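Asks: one predicted model, sequence on top.
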Amino acid sequence: MLLIEEKYKPVAKLLLSSGTCPRCVLRLCCVGFPAPYRLPYKELADELWKFLASDGDISPPSKKIRLDDSLECESATQVPGDDEDTDVSEDSQTCNLCLGILQHHCSKEFVKKIFHKVQSAGYEFQDFVFPVSLPAQLLVREHSAWLEAQQEMRKQDRVLEKADIIQLKEAYKWIIHPMISEELGVQAVSKSLFEVGVVFCHQETDEDCHFLATVCKDCFKPAKNKQSVFTRMAVVKALDKIKDNDFCIHFPWPPSLPKTTCQLVDIQCNHASVFVAGRYNKFSRNLPQTPWVIDGERKMESSVEELITEQLKALFKADSFNFSSSGREDVDVRTLGRGRPFAIELVNPHRVTFTKQDMKDLQQKINNTDKIKVRDLQIVTREAMAHMKEGEEEKTKCYSALIWIEKPIGKEDIEFLNDIKELTLAQKTPLRVLHRRPLASRSRNIHTMKTEYVDEHHFRLYLKTQAGTYIKEFVHGDFGRTVPNIGSMMKTTADILELDVESVDVDWPPAVED
Ligand code: ZN
């Protein structure tokens with residue numbers, strides 16, 4: 001059963017005689033069910049023949065008509081018992097509407113090609129989406145067929161809306177999805193983390209679209225990242241605007257019979273990013289957070305980012321990564337306590353399923369160094385990652401600093417600092433970061449301070465501050481750019497010898513039990 005309604009018979013005849021393939025005939029005759037499209041090509045052609053010949057009013061297509069010749073020829077070359085195969089014989093005419101997409105690109109051979117590509121790429125996936133990129137001129141050819149079919153229907157006082165005909169992509173999906181799903185052993189779905197995309201082109205007919213640019217100039221604006229102005233979007237817009245008459249003058253029916261079929265230019269596999277979060281301690285005073293490279297020259301041999309991501313990237317078999325963290329520390333500052341939250345986006349990972357034990361093993365591998373230590377390593381969602389940056393400014397951070405004082409001090413000289421609460425600082429952008437940050441003045445809060453006397457020139461200061469406070473500058477004053485500062489409050493010169501981050505109060509990511 002073809003499920004073509006009687007009223008579409010003239011349309012079917014018109015298209016078949018002009019060089020349109022049986023599957024495209026179904027589309028233009030508004031057959032909205034997958035089953036007929038999935039019929040083996042030859043069987044479908046025979047059915048269509050029978051359908052057209054069944055009505056006495058319509059004489060069977062004459063043998064002079066080119067396509068019928070090819071159909072005949074096909075029947076003759078079919079190997080007995082090969083009926084199951086949907087392959088179209090090499091010598092059959094390439095369809096003037098789909099340019100071979102519904103003929104040559106839904107064969108078992110084509111599906112095998114995709115299978116091999118996906119298999120050799122070595123991805124882990126549960127299901128997949130199958131986006132198809134088709135040349136824009138297919139839209140022009142389809143428009144032409146629709147206008148012609150519409151005229152045919154008008155003769156019967158009927159209308160044929162463009163929305164009623166079945167889009168090429170839809171028909172292609174009906175045919176190809178079950179075939180690829182079977183071959184890959186997982187389902188093609190409309191939304192998936194894994195994507196197998198195919199890109200087709202057809203050079204021979206590339207110029208089909210060009211007349212649209214002269215008729216609808218404003219639809220085709222050059223875009224920075226597009227190779228051609230004839231994008232599908234622009235062509236759809238132009239076809240929507242162009243008057244039927246203008247279209248028919250520039251692109252008369254029937255469209256040329258192509259000598260070649262669409263070419264498969266690319267099969268692209270891609271897996272959506274996976275996000276991994278955790279917290280890190282940094283125990284070294286010679287380790288930058290991110291690779292430190294100035295004018296192409298490496299200043300430090302490693303970085304926190306590299307020590308963490310090297311193992312991650314290898315395990316997830318990712319193409320690249322993006323590292324982010326809740327704030328950062330200077331190269332000479334240690335991060336102690338429970339550590340600093342970080343998250344890493346692994347781009348196009350090939351491996352994505354890991355057990356808790358796998359993550360523990362990975363953490364252990366990363367921790368095989370005395371420079372850093374990672375905890376709470378876990379896979380998180382992109383959405384959860386936002387927690388890390390959320391309200392960063394309002395968070396508090398705890399530090400400990402070893403301070404040198406020029407004037408000799410006794411225990412009693414530093415006690416007054418313990419009583420100061422919510423001290424507001426005015427901080428101009430520090431001289432040391434002026435090369436990468438704009439000059440600005442901002443106000444920050446020191447919530448509390450606690451002192452510990454060391455000797456007459458040294459003491460330790462524990463601070464609880466608003467995130468973003470420049471601690472070094474609060475100690476030495478940065479030539480009066482931070483006021484007040486420890487030096488000014490103690491009426492002497494002060495300097496900072498060591499600084500440690502004791503805690504970063506962001507309650508994300510959640511702790512992972514050992
Ligand atoms: Zn076709």
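Replies: That came through, no problem. Numbers count the residues shown, from 1 in each chain.
Asks: beyond the helix or strand of the chain at the bottom of the mean pLDDT ranking, next helix or strand please.
Replies: Lowest by mean pLDDT, DSSP states H and E among the helices and strands of the chain is helix 66-77, with a mean of 38. Note on helix 66-77: by DSSP states H and E, the next helix or strand toward the C-terminus is helix 101-104.
Asks: using CSV, write out every CA atom in that next one.
Replies: Provided in CSV are the C-alpha atoms of helix 101-104 (Å, rounded to 0.1, in the frame of the first residue of the first chain):
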residue,chain,number,x,y,z
ILE,A,101,19.8,11.5,-0.9
LEU,A,102,16.8,9.2,-0.9
GLN,A,103,18.4,6.9,-3.5
HIS,A,104,22.0,6.4,-2.8
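Asks: average pLDDT for that helix?
Replies: The average pLDDT within helix 101-104 is 94.
Asks: which helices and strands does that helix pack with?
Replies: If contacts are counted by 3 or more C-beta pairs under 8 Å, 6 or more residues apart in numbering; DSSP states H and E, helix 101-104 sits against helix 22-28, helix 168-184. C-betas here are computed from N, CA, C, even on glycine.
Asks: among the ones you listed, which is nearest the ion?
Replies: helix 22-28 (3.2 Å; C-beta to the ion).
Asks: mind listing what's buried in the next helix or strand after the closest one?
Replies: Once the chain leaves helix 22-28, the next helix or strand it forms, by DSSP H and E, is helix 34-38. In terms of neighbour count (16 or more other C-beta atoms under 10 Å), helix 34-38 has its buried residues at Pro36, Tyr37, Arg38.
Asks: one more: stretch 247-262?
Replies: Neighbour-count burial for stretch 247-262 flags Phe247, Phe251, Pro254, Pro255, Pro258, Thr261, Cys262 (criterion: 16+ other C-beta under 10 Å).
Asks: and Gly100, what is it in contact with?
Replies: By C-beta atoms under 8 Å, 6 or more residues apart in numbering, the residues touching Gly100 are Thr94, Pro258, Thr260, Thr261, Cys262.
Asks: so how far is Phe130 from it?
Replies: According to C-beta to C-beta, to the nearest Å, Gly100 and Phe130 sit 18 Å apart.
Asks: would you map the helices across the stretch 301-450 of the chain?
Replies: Applying DSSP state H, counting those that start in this stretch to the stretch 301-450 of the chain gives helices spanning 304-316, 356-366, 382-389.
Asks: let me know the angle separating the second one from helix 304-316.
Replies: The reference is to helix 356-366. 140 degrees (axes from the mean of the first three to the mean of the last three C-alpha atoms, to 10 degrees).
Asks: same check, this time on the last one
Replies: Relative orientation of helix 382-389 versus helix 304-316 (the same axes, to 10 degrees): 170 degrees.
Asks: show me where the stretch 251-400 of the chain has strands.
Replies: In the stretch 251-400 of the chain, the segments counted as strands under DSSP state E, counting those that start in this stretch are 263-271, 274-282, 293-294, 297-298, 320-325, 334-347, 372-380, 396-405.
Asks: leaving out sequence neighbours, find the closest residue to the residue most central in space within the chain.
Replies: By C-alpha atoms, centre = their mean, the chain has its centre lying nearest to Ala272, at 6.1 Å. Excluding its sequence neighbours, the residue lying closest to Ala272 (C-beta to C-beta, 6 or more residues apart in numbering) is Leu193, at 4.2 Å.
Asks: that neighbour is in contact with Asn270, isn't it?
Replies: No. The pair Leu193 / Asn270 is not scored as a contact, 9.4 Å apart, by C-beta atoms under 8 Å.
Asks: quick check: neighbours shared by the two?
Replies: Overlap between the contact sets of Leu193 and Asn270, as judged by C-beta under 8 Å, 6+ apart, is nil.
Asks: domain assignment for the chain?
Replies: Domains of the chain are assigned by automatic domain parsing as 6-271, 279-389, 396-504.
Asks: so for Asp514, which of those domains sits nearest?
Replies: If you check each of the domains of the chain against Asp514 by C-beta to C-beta, domain 279-389 wins as the nearest, at 8.1 Å.
Asks: now do the end-to-end distance for the closest one.
Replies: Its start and end residues considered, domain 279-389 measures 14 Å (C-alpha to C-alpha, to the nearest Å).
Asks: got it, and stretch 149-168?
Replies: End-to-end span of stretch 149-168 (C-alpha to C-alpha): 16 Å.
Asks: for it, give me every contacting residue.
Replies: The contact list for stretch 149-168 (C-beta under 8 Å, 6+ apart) reads 7, 10-11, 14-15, 24, 26-28, 30-32, 97-98, 101-102, 134, 138, 142-143, 146.
Asks: pLDDT below threshold where in the protein?
Replies: Scanning the chain for pLDDT under 70 picks out the ranges 1-2, 55-91, 391.
Asks: the ion contacts on that one?
Replies: By the rule C-beta under 5 Å from the ion, the part of the chain lying against the ion is Cys21, Cys24, Cys95, Leu97, Cys98, Leu102.
Asks: do that again at 8 Å, thanks
Replies: Taking C-beta under 8 Å from the ion as the criterion, the chain approaches the ion at residues 20-25, 27, 95-103, 168.
Asks: coming back round to it: closest one of the buried residues of helix 34-38 to the ion?
Replies: When those are compared for distance to the ion (C-beta to the ion), Tyr37 comes out closest, at 10.6 Å.
Asks: run a quick neighbour tally on the residue of the stretch 301-450 of the chain found nearest the ion.
Replies: Closest approach of the stretch 301-450 of the chain to the ion (C-beta to the ion) occurs at Asn348, with a separation of 34.1 Å. Neighbours of Asn348 under the rule other C-beta atoms under 10 Å: 16.
Asks: so what's it up against?
Replies: Applying C-beta under 8 Å, 6+ apart, the residues near Asn348 are Asn270, His271, Ser273, Ala318, Asp319, Ser320.
Asks: do Ile403 as well
Replies: Contacts of Ile403 (C-beta under 8 Å, 6+ apart): His458, Phe459, Arg460, Leu461, Val475, Ile486, Ala494, Asp495, Ile496, Leu497.
Asks: where's it relative to Met449, distance?
Replies: Distance from Ile403 to Met449, by C-beta to C-beta: 11 Å.
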